[in-house]
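Student: Show me the folded form of this:
(2 chains)
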Amino acid sequence: MNRIAQALVRRLAGMAIVLAIVATVVFLIVRVTPGDPAAVMLGSDATPEDIAQLREKLGLNAPLVVQYGQFLWGLLHGDLGQSIFLNQSVGQALLSRAEPTFFLTLFAILIATAIALPVGVLSAVKRGTLFDQIVVTVTMVAASVPSFWLGLVLIQIFAVQMGWFPASGYGGPDTPFGARLHHLILPAITLGVVNSALITRFTRAAMLDVLGDDYIRTARAKGAGEGRVVLKHALRNAMVPIITVIGLSVAMLVAGAVVTESVFGLPGVGNLVVSAVLRRDYPVIQGTLLAAAAIYVLINFIVDMLYVVADPRVKL
Amino acid sequence: MTQAPILPAPILSVEHLTTSFRAGSGWRAVIRDIGFQVHAGETVAIVGESGSGKSVTALSAMRLLPRDTARIQGRIALNGRDLLTLPEPQMRAIRGGEIGMIFQEPMTSLNPVFTIGNQLAEAIVLHSDKSWTEAEAEAVRLLERVRIPAAKSRLHEYPHKFSGGMRQRVMIAMALACRPKLLIADEPTTALDVTIQAEILALIRALQAEENMAVLFITHDMGVVAEVADRTVVMFRGDMVETGPTARIFASPEKPYTRALLAAIPRLGSMGDSPGPRRFPDVDAATGRITEGRALPPPDTTHAAPVVSVQNLSVRFDVPNGRVHAVENVSFDLHPGETLALVGESGCGKSTTGRAILRLQQATEDSIVINGRNIEDMHGAHLRDMRRHAQMIFQDPFASLNPRIPVGKAILEPILSHRVLPRDKARARVETLLHQVGLPPEVAGRYPHEFSGGQRQRISIARALALDPSFIVADEAVSALDVSVKAQVANLLMDLQAEHGLAYLFISHDMSVVERISHRVAVMYFGEIVEIGPRAEIFGNPQHPYTRRLIEAVPIPDPARRGTRPHVAQEQVRSPIRPLDYILPKREYRTVSPGHYVQTGGVFGT
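Tutor: A predicted model of the protein is given here:
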């Protein structure tokens, strides 16, 4: 138990270091990109004096080191800073936009996995059959379809023509929760289908690999039926690569939120970061990028923990 | 076929069995017209080299071949019931129920993500109406039956915590879980050390006697056949060559192939007083005529400086909970034209020693002198130069050649990268090398997968010879090869040595090959050399108890001498991990005769 605790502490320390590095990189990237929030804020007919005054007020004239120190000091206290444009703290801005992003990612990955696992397993078991060939072809095509294109097609069919789902938007805080989620169905299906392609291919490959192993022959030799051989003996062994690719997909979904939320007009974190970049809202850019990095690191951590659960040979 | 009419009905009866695999649009028969019977309490061995179809025969009986790419014709009957026409659900009841099967690779045949208790209980639950709890209790009894110590506490451990021998015991327990009438053992001891092999064979025999079980034993090892089989089926390239009582097959083989197979077996104790190595007999496969191998002269080591001189080599690895002393205090000299065999069981440090000498593995402490130069502080160009003179041949001819490089290029590469010869001359050199290892020059453009295992090992040897080395580490270089091929490759190594004055460090667990090929033998146990001396001394007058045990455990390919050997005591597996502050005690060596030293004290038996 002690060893496990030690390993966990080591992992968490490692994650903290990664995040510290990310924070520094984010801080610098924001400041080396051209553009001045004060100039953007005041519009095109502002005088240089006005701009300088506003810069002073926003603390942008302080030396870079001082700004960096303030940023880190705030981070240590859980304070991501104050948005320049939004009249909100960065933390509040993130939280208020987290809901659609979170549920969209969750639904998308659930849909993707629900499609990919059975199809991938079946495709491996029925290797070389017509079904398998169709799966291989369709997943190859699907993996190359851009999600925004599929999104637009689905909007055209199911929202515009059928009218089953809203074409875009999410509804404000007054909209009932269920109705808000209703807005997410089309986007979730879009992302789920696109992401299922990759997971299906990995599942198929992992299962094919495992089905040729000696212990599968042992399982058959002791009289286990095909269902038991595939679902108990093979799938559990194939789980490690499958978990990996699911984790990767979640990370890609988070990163892809920028595009998805533009297409479906969702007021999520992706949307927040786009508008922050356009307005040079430094604290918000920093905060969202850092949050994305934290989620990425967390997903990796969860995936590693799942390895330990899936395979007794993996040590923390 | 000879069949005594008085025998009761056989448990397994195979008639006119032909199994074909799909090849392109047609079918290609891999075994043809096989027929034999196995009776209760009897052991029948199917013996043959790789590709002979012995495993396909077993898998056909279990109907474990893929149905869409394999076609089984003929009749396979278990207690009179035809297995080939049985519907799949009933066949499942037979598998693991009436026929138990164990496989060659204990390391990979157990599912790594389930506890052994789970896998054993599953076998029981599948064929009985016992509950899972009852099945687990039964699993403990099974583990005790196959003599696994502390069975109850090990039930919830995963396979990777068990050694190869222990895993094979678990496999046996699983195969016997439902008291099958027939046990099919497919090369069950091939991947195991000789002493473990002896234990597993004894265990199968004991359990067979308890249950009066029929055993179908598949092996390539004639020594094992002589040890276990009442009757033997000899297979060659899918055909049944010869069948009959084992004693008769060994005493008067009728077919040339059987004679060739028997002649090729390395037999322990066949060397007599010959001081040097002796070639294996050459066998004409067509006629079965045997030309006895000639003895090779011992090298003159009196005034030549050693090619390699190893002093106090130690390799230690730090692991999370201690330190592994992989090699401790190993010292020896090796002279030109001489073969020193390094023998011992897996994990004893023999391969690590070989790798450390070539600096493929960093030694903790050492003083290694190759061709008069200390390699300890060699770097860059000097190290490269050393590698010209010291080469290595690996065990696995399938894995040690790059599949995407034509073999000629693989041999050419070291010549060009060391700039020994200009390109045009180097190509001629490749042809000479291929000729030396017995391959025609036109094979140079082919890729490794186009060759058999023995041919690939010849290519590896050609590659090792490319730089005209004076010293070669051969790490289990013939272990993965079929008997007849093994003899040929060993002969090749001996011929090349006689011709070029090569010095070999011959790392092997195969005592009978070692006896043939080596001038001197060093026995390693737990990282230390426990006995070293001239070959005749080590085999004729072994002093260390471990050396004696190693020699005794080798199966003797003579059915007449079955059961005359002393029983090999089972030893608990000891952990090689020691505390970080552990200091190995100073070892003393006793001189038995000139050049023959044996360790006194030490870890063995303590």
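Student: quick one, domains of chain B?
Tutor: B:12-264, B:308-544+B:579-600 (automatic domain parsing).
Student: mind checking how far the first one is from the chain centre?
Tutor: In terms of Cα atoms, centre = their mean, to the nearest Å, the centre of domain B:12-264 is found 18 Å from the chain centre.
Student: Span of it from start to end?
Tutor: End-to-end distance for domain B:12-264, by Cα to Cα, to the nearest Å: 31 Å.
Student: Is it positioned near chain A?
Tutor: Yes - under the criterion of Cβ under 8 Å from any Cβ of the partner chain, domain B:12-264 makes contact with chain A via B:62, B:64, B:89, B:92-97, B:100-101, B:103, B:105, B:108-114, B:122-123, B:126-127, B:158, B:160, B:171, B:174-175, B:177. For glycine as for every other residue, the C-beta is placed from the backbone atoms N, C-alpha and C.
Student: what residues are up against the residue in chain B that chain A sits nearest to?
Tutor: Relative to chain A, the nearest point of chain B is residue B:96 (3.4 Å; Cβ to the nearest Cβ). Counting by Cβ atoms under 8 Å, 6 or more residues apart in numbering or on different chains, residue B:96 touches A:221-224, B:123, B:126-127, B:175, B:177-178, B:180.
Student: hmm, back to that, just the ones in helices from the residues of domain B:12-264 next to chain A, please.
Tutor: Under the assignment DSSP state H, the residues of domain B:12-264 next to chain A contribute B:62, B:89, B:92-94, B:108-109, B:122-123, B:126-127, B:171, B:174-175 to helices.
Student: quick one on the thing from earlier: considering the domains of chain B, which stretch scores lowest in mean pLDDT?
Tutor: Of all the domains of chain B, the segment with the smallest mean pLDDT is domain B:308-544+B:579-600, scoring a mean of 87.
Student: now the end-to-end length of it.
Tutor: Domain B:308-544+B:579-600: ends 26 Å apart by Cα to Cα.
Student: And the strands in chain A?
Tutor: Assigned by DSSP state E, chain A shows no strands.
Student: pLDDT-wise, which helix or strand of it ranks last?
Tutor: Here the helix or strand of chain A ranked lowest by mean pLDDT, DSSP states H and E is helix A:37-42, holding a mean of 76.
Student: How about residues contacting that helix?
Tutor: Against helix A:37-42 from outside (Cβ under 8 Å, 6+ apart): A:46, A:50-52, A:54-55, A:58, A:60, A:84-85, A:279-282.
Student: Which positions within stretch A:204-216 qualify as buried?
Tutor: Residues of stretch A:204-216 classed as buried by neighbour count (16 or more other Cβ atoms under 10 Å in any protein chain shown): A:204-208, A:210-211, A:213-216.
Student: ok, back up a step: now which of the residues of domain B:12-264 next to chain A would you call buried?
Tutor: B:62, B:92, B:94-97, B:100-101, B:103, B:105, B:108-114, B:122-123, B:126-127, B:158, B:171, B:174-175, B:177.
Student: Would you confirm that residue B:384 contacts residue B:414?
Tutor: No - at 10.5 Å, residue B:384 does not count as touching residue B:414 under the criterion of Cβ atoms under 8 Å.
Student: what about the two, which has more around it?
Tutor: residue B:414 (19 against 12; other Cβ atoms under 10 Å in any protein chain shown).
Student: tally of neighbours for the closest residue to residue A:209 other than its chain neighbours?
Tutor: Sequence neighbours aside, residue A:238 is the residue nearest to residue A:209 in space, at 7.2 Å (criterion: Cβ to Cβ, 6 or more residues apart in numbering or on different chains). For residue A:238, the neighbour count with other Cβ under 10 Å is 25.
Student: One more: the one 5 residues further on?
Tutor: Residue A:243 is surrounded by 21 other residues when neighbours are defined as other Cβ under 10 Å.
Student: Quick one: the strands in the stretch 51-200 of chain B, in order.
Tutor: B:70-78, B:81-82, B:99-102, B:182-186 (DSSP state E, counting those that start in this stretch).
Student: Can you tell me which of those is most buried?
Tutor: Greatest average neighbour count among the strands of the stretch 51-200 of chain B goes to strand B:99-102 (a mean of 27), per mean count of other Cβ atoms under 10 Å in any protein chain shown.
Student: which regions of chain A sit below the pLDDT cut-off?
Tutor: Applying pLDDT under 70 to chain A flags residues A:1.
Student: Run through the helices of chain A in chain order.
Tutor: A:2-32, A:37-42, A:48-58, A:64-76, A:90-125, A:130-144, A:147-154, A:177-182, A:185-211, A:214-221, A:226-228, A:235-264, A:269-278, A:282-310.
Student: before we move on, back to that, columns neighbour count on top of the contacts of helix A:37-42, output as TSV?
Tutor: Below are those laid out as TSV (neighbours: other Cβ atoms under 10 Å in any protein chain shown):
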residue	neighbour count
A:46	15
A:50	15
A:51	18
A:52	13
A:54	18
A:55	17
A:58	17
A:60	18
A:84	21
A:85	16
A:279	18
A:280	21
A:281	26
A:282	25
